[in-house]
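Asker: Next come a sequence and a model predicted from it.
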Amino acid sequence: MDLLLTHGYFLYEDPKELQIMKPYPPLGILYICSHLRKKQIDVEIFDSTFSSRKQLFELLYQGPPSVLGVYANLMTRPNVVEILRVAKQAGWQTVVGGPEPGAYIEEYLNAGADVVVIGEGELTLEELVPVLRSRGHESLSQVEGIAFRASGQTIRTKPRAQIRDIDAQPWPARESIDYLQYLSVWREYHGQGSVSLITARGCPYHCRWCSHEVFGKTHRRRKPASVADELEWLIRQYQPEIAWMADDVFTIHPGWLFQYASELKRRGLKLPFECISRADRLNDQVVSTLAEMGCFRLWIGSESGSQRILDAMERGVTVEQVQSAVALCRAHGIQTGMFLMWGYEGEDVADIEATVEHVKKSDPDIFFTTVAYPIKGTPYFSEVADRVENLKPWTTGSDREVRIHGRHSRQFYSHADKLLRSEVEIERLRKKGQTNGNLIELQAKSAEARANLLAAAAEVEA
């Protein structure tokens, strides 16, 4: 074996996911695996999702040691750090990549990574693995898109150009993992097996809190026929009931969408699916096409109901566009999911009240809230960096676990959340004409949440 790939996410250690149970395979390392195998590099995958760290560590100690590549993101950092430590003890050469390591090069090198891959991994690992296997470390400086240490100095090589023709890339190596286990879990908990695929790489938008560490602000799209080929194969191979189109913005190019819809219709393919989009990339023709294709749920990053905050985020959308998009989806029988963010820089009570009114008016089928967290490498992080305090040591925490001095307290945002949920439920009951005890109870909860919100408005993170 030339390379062992893993990703350090352990489903059974994640209390939140154990309540949701909607796991998807790690497409990133599956793409890398298929690319490298095509280049005659011997690659295996340890899919940690349904496994344990004990099983992984036993494999590493069992050896023989080779090169270990670990995908790391914001939430798996502590696991990845421990995997690197054990791998080094067992004699492995270690490589780390993914959306986080490029922003924390020094930290990952300190944690035991021999090499940090910056950006897309396929072409970089194609060059890097033979160098590491031959122990020709003096050649590392010739490999583009990496960082490593030599003579105590950190060296960052020339950035690697991104893959221009992603249609030329082989499909993810789904056969290298127990793919049926994902479908089995979905069917056990939700009655439907779901598969995932991507039609494009990258997002060209400029939201200040969003990381572009791997793909940059590019948008490279596969041909409609290529995506249809993969979907047709997935249906034939796994007989899924639904699909997840895992693009950052699935409807970014209406012309492409219409071509893809025509290709599916020509082949007689119609698999229900959900996807993410932006409100400004939706109109009646786009939404009606999604409905005809079988889209049953569309997720929209609304983030806030305050236009002032949306402009500060550089979201490039209006509150009205979001409300119109939700209404369009409803008219075409598509459920909507909405992502919301509390605590962005400058947000205050008036902005929270605006968000509450916005969600009440939009009335999405589902909405999720989070408190803004600054990801290193983003403009938002740069804006608040001098006020950020890590609540845990870097090796055991994440960019979510921080305190931003001068921002409203966590309790303040907890009250905002309670106010939002109470008010939305009140609005839904009113629309149904219900004035029972539930409404009275919700009104009391709303009044209490608003009073607590106002009382906590003066509290800031010291």
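Answerer: Received the coordinates, thanks.

Asker: which residue ranges form the helices in the stretch 301-450 of the chain?
Answerer: Secondary structure of the stretch 301-450 of the chain by DSSP state H, counting those that start in this stretch: the helices cover 307-313, 319-331, 349-362, 379-384, 410-431, 437-456.

Asker: Dump those helices into CSV; add mean pLDDT as well.
Answerer: What follows is the helices of the stretch 301-450 of the chain, written out as CSV (pLDDT from 0 to 100):
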stretch, mean pLDDT
helix 307-313, 98
helix 319-331, 98
helix 349-362, 98
helix 379-384, 95
helix 410-431, 96
helix 437-456, 94
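
Asker: Out of these, flag the one nearest residue 201.
Answerer: Of all these, it is helix 379-384 that lies closest to residue 201, at 21.4 Å by Cβ to Cβ. Placement of C-beta: from N, CA and C, glycine included.

Asker: possible to save the helices of the stretch 301-450 of the chain as TSV with mean neighbour count and distance to residue 89?
Answerer: Listed next are these as TSV, based on neighbours: other Cβ atoms under 10 Å; distance: least, Cβ to Cβ, whole Å:
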stretch	mean neighbour count	distance to residue 89
helix 307-313	19	43
helix 319-331	20	50
helix 349-362	20	49
helix 379-384	17	33
helix 410-431	18	38
helix 437-456	15	47
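
Asker: Residue 181: which of those is closest?
Answerer: Checking those against residue 181 by Cβ to Cβ gives helix 319-331 as the closest, at 32.3 Å.

Asker: helices or strands next to that closest one in the packing?
Answerer: Contacts defined by 3 or more Cβ pairs under 8 Å, 6 or more residues apart in numbering; DSSP states H and E place helix 319-331 against helix 284-293, strand 295-303, strand 335-342, helix 349-362.

Asker: how far off helix 437-456 does the longest one point, in degrees?
Answerer: Relative orientation of helix 349-362 and helix 437-456, computed by axes from the mean of the first three to the mean of the last three Cα atoms, to 10 degrees: 160 degrees.

Asker: Helix 349-362 vs strand 335-342, what angle?
Answerer: Orientation of helix 349-362 against strand 335-342 (the same axes, to 10 degrees) gives an angle of 180 degrees.

Asker: what angle separates helix 349-362 from helix 319-331?
Answerer: Using the same axes, to 10 degrees: helix 349-362 against helix 319-331 is 20 degrees.

Asker: ok, and what's touching helix 349-362?
Answerer: With contacts defined as Cβ atoms under 8 Å, 6 or more residues apart in numbering, helix 349-362 is touched by 302, 304-309, 319, 322-323, 326-327, 336, 338, 340, 342, 367, 416, 419-420, 423-424, 427, 453-454, 457.

Asker: Would you mind extracting the C-alpha trace of that helix into CSV?
Answerer: Extracted C-alpha coordinates of helix 349-362, given in CSV (Å, rounded to 0.1, in the frame of the first residue of the first chain):
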residue,chain,number,x,y,z
VAL,A,349,-31.8,43.6,19.1
ALA,A,350,-33.4,45.4,16.1
ASP,A,351,-31.7,43.0,13.7
ILE,A,352,-32.9,40.0,15.7
GLU,A,353,-36.4,41.3,15.7
ALA,A,354,-36.1,41.8,11.9
THR,A,355,-35.0,38.2,11.6
VAL,A,356,-37.9,37.0,13.6
GLU,A,357,-40.4,38.8,11.4
HIS,A,358,-38.6,37.6,8.3
VAL,A,359,-38.9,33.9,9.3
LYS,A,360,-42.5,34.4,10.3
LYS,A,361,-43.3,35.9,6.9
SER,A,362,-41.3,33.4,4.9
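
Asker: what about it, distance to the chain center?
Answerer: Relative to its chain's centre, helix 349-362 lies at 25 Å (Cα atoms, centre = their mean, to the nearest Å).

Asker: And for stretch 108-119?
Answerer: Computed by Cα atoms, centre = their mean, the separation of stretch 108-119 from the middle of its chain amounts to 21 Å.

Asker: what pLDDT, on average, does it get?
Answerer: Mean pLDDT, computed over stretch 108-119, is 97.

Asker: Show residues contacting it.
Answerer: Stretch 108-119 is contacted from outside by 69-70, 72, 80-81, 84-85, 87-88, 93-97, 101-102, 105, 124-125, 128, 132, 140, 145-149, 154, 156, 159-160, 162, 213-216, 395, using Cβ under 8 Å, 6+ apart.
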